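Visitor: Below is the sequence, then the predicted model.
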There are 2 protein chains.
Amino acid sequence: MSARRITAQPLTREAFAPFGAVIDKAGGAPRPMNAGMARRFHDLARVEVAGESAQVVVGLVEAKPYPLPLTLGLVERHPLGAQAFLPLTDAPFLVVVCPDERGRLSRPQAFLTAPGQGVCYAMNVWHGVLTPFGAPQDFVVIDRGGPGVNLEEFVFEEPWSIHLPE
Amino acid sequence: MSARRITAQPLTREAFAPFGAVIDKAGGAPRPMNAGMARRFHDLARVEVAGESAQVVVGLVEAKPYPLPLTLGLVERHPLGAQAFLPLTDAPFLVVVCPDERGRLSRPQAFLTAPGQGVCYAMNVWHGVLTPFGAPQDFVVIDRGGPGVNLEEFVFEEPWSIHLPE
């Protein structure tokens, strides 16, 4: 087995906690609202932003599927804001993050979402690009708008190979 | 025809502009991202928040359907933040807003979304509660978290009756 081979794990709050938040209904008891006609799973993720004139903006993303196993050649991070993605269709997608140990990137970790799960990458967390597989997928994205350089990329010397759980 | 009868209009950017933003893909040309593997419809809505320690939070809402015609007995507003709702299923839903003319609420306006459309109510805009019809509907909600009183309600002396377009 290649040392560059990574097997994705199911996405859970516990495993993902060092990197950000999981957005799904499993996070706690919902609050009733609108005289009992609705219930709200509150505060699943906080979209923190930094810098002057920073705002939180909502966008939509159409993403093309990647072939599997996924070849991970780079990761990126946003030093000025968190970034949340929630799928608008029920297919799972791959979530890749990479711990940063005092400025050195260590082995990436990969997660497979359950249908409907989204994530919020915390500010400054290295992560892979949006990677659906099998079919195109639409997402809502909630992140920072405003002036300033909010993107860093890191290209691996050798790519990683990300596999679905067996 | 009763003076309290309101017919919903199709939701368009132009008609909704005084009340907030429409979240859909019709808002402009998308930007390519991720080396052409995705395209982003950017900055469709800004979720403005006010007050100290205010944050933007992401939640999920399960909403029960209302019978039609909709009986609109009250509207609410959030003086400290905008509030965005995007449906997670492709059914339309009703959006009701109410102009405020120097502290006096005037005749509500009702809109019917196209499938997939969401809205962001601007800070302090009077609006009805989340009103799917026909079947329950899930939404992602993006709004303000933090201390402070961020809810005001206004109860109409006589309810309004909101009808779908003919």
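Guide: Cool, the structure landed. Numbering: from 1, shown residues only, chains lettered A, B, ... in the order given.

Visitor: Does residue A:155 touch residue A:73 like I think?
Guide: Yes: assessed by CB atoms under 8 Å, residue A:155 is found in contact with residue A:73 at 6.4 Å. Glycine gets a C-beta too; all of them are placed from N, C-alpha and C.

Visitor: Please say which of those two ends up with more neighbours.
Guide: residue A:73 (15 against 8; other CB atoms under 10 Å in any protein chain shown).

Visitor: Which phi and psi values does the more buried one adopt?
Guide: For residue A:73, the backbone dihedrals are phi -100, psi -20 (criterion: degrees, to the nearest 10).

Visitor: Look up how far chain B lies from it.
Guide: Distance, residue A:73 to chain B, by CB to the nearest CB, to the nearest Å: 10 Å.

Visitor: Tell me which helix or strand the residue nearest to that residue when sequence neighbours are not counted sits in.
Guide: Once flanking residues are discounted, residue A:73 sits nearest to residue A:159: 4.4 Å by CB to CB, 6 or more residues apart in numbering or on different chains. Assigned by DSSP states H and E, residue A:159 belongs to strand A:152-163.

Visitor: residues touching the nearest residue to residue A:34 once chain neighbours are set aside, list them.
Guide: Using CB to CB, 6+ apart and skipping residues adjacent in sequence, the residue nearest residue A:34 is residue B:129, 4.2 Å away. Residue B:129 is in contact with A:33-35, A:37-38, B:74, B:76, counting by CB atoms under 8 Å, 6 or more residues apart in numbering or on different chains.

Visitor: Let's see if you can find the most crowded of the residues you listed.
Guide: Using other CB under 10 Å as the neighbour test, these are led by residue A:38, with 23 neighbours.

Visitor: where does chain A have low pLDDT?
Guide: Scanning chain A for pLDDT under 70 picks out the ranges A:1.

Visitor: surely residue A:59 meets residue B:41?
Guide: Yes: counting by CB under 8 Å, residue A:59 touches residue B:41, with 5.6 Å between them.

Visitor: now the residue lying closest to residue A:13 once chain neighbours are set aside: how far from residue A:34?
Guide: Computed as CB to CB, 6+ apart, the closest residue to residue A:13 that is not its neighbour in sequence is residue A:22, at 5.0 Å. Separation of residue A:22 from residue A:34 (CB to CB, to the nearest Å): 25 Å.

Visitor: element containing the most centrally placed residue in chain A, please.
Guide: In chain A, the C-alpha closest to the average C-alpha coordinate belongs to residue A:119, at a distance of 4.4 Å (CA atoms, centre = their mean). Secondary structure from DSSP H and E places residue A:119 in strand A:118-121.

Visitor: to the chain's geometric centre, what's the distance from that strand?
Guide: Distance, stretch centre to chain centre, for strand A:118-121: 4 Å (CA atoms, centre = their mean, to the nearest Å).

Visitor: which residues are contacting the very next helix or strand once past that strand?
Guide: Past strand A:118-121, further along toward the C-terminus, the next helix or strand under DSSP H and E is strand A:126-127. Strand A:126-127 is contacted by residues A:19, A:75-77, A:95-100, A:105, A:121, A:154 when judged by CB under 8 Å, 6+ apart.

Visitor: Got a quick ChimeraX command for the buried subset of these?
Guide: Selection of the buried residues among the contacts of strand A:126-127 in ChimeraX, burial being defined by 16 or more other CB atoms under 10 Å in any protein chain shown:
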select /A:19,75,76,77,95,96,97,98,121
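
Visitor: quick revisit: grab the nearest non-local neighbour of the residue nearest to the centre of chain A.
Guide: In space, residue A:119 is closest to residue A:95, 5.4 Å off (CB to CB, 6+ apart).

Visitor: I'd like to know how far residue A:158 sits from chain B.
Guide: The value you get for residue A:158 to chain B, if CB to the nearest CB is used, is 19 Å.

Visitor: typo on my end, it should be residue A:91
Guide: Distance from residue A:91 to chain B, by CB to the nearest CB: 13 Å.

Visitor: Run through the bridge partners of residue A:57.
Guide: residue A:143, residue B:46 (DSSP bridges).

Visitor: Would you check that it makes contact with residue B:40?
Guide: No: counting by CB under 8 Å, residue A:57 stays clear of residue B:40, with 10.5 Å between them.

Visitor: Count the neighbours of residue A:21 for me.
Guide: Quick note: residue A:21 (other CB under 10 Å) scores 22 neighbours.

Visitor: nearest spatial neighbour of the residue of chain A positioned farthest from its centre, skipping sequence neighbours?
Guide: Distance to the chain centre peaks in chain A at residue A:35, reaching 33.6 Å (criterion: CA atoms, centre = their mean). Among residues not flanking residue A:35 along the chain, residue B:129 sits closest, at 8.0 Å (CB to CB, 6+ apart).

Visitor: And residue A:131, by the same measure?
Guide: Spatial nearest neighbour of residue A:131, excluding adjacent residues (CB to CB, 6+ apart): residue A:94 at 4.5 Å.

Visitor: Residue A:11 now?
Guide: residue A:111 (4.0 Å).

Visitor: ditto for residue A:30
Guide: Nearest to residue A:30 is residue A:39, by CB to CB, 6+ apart, at 3.9 Å.
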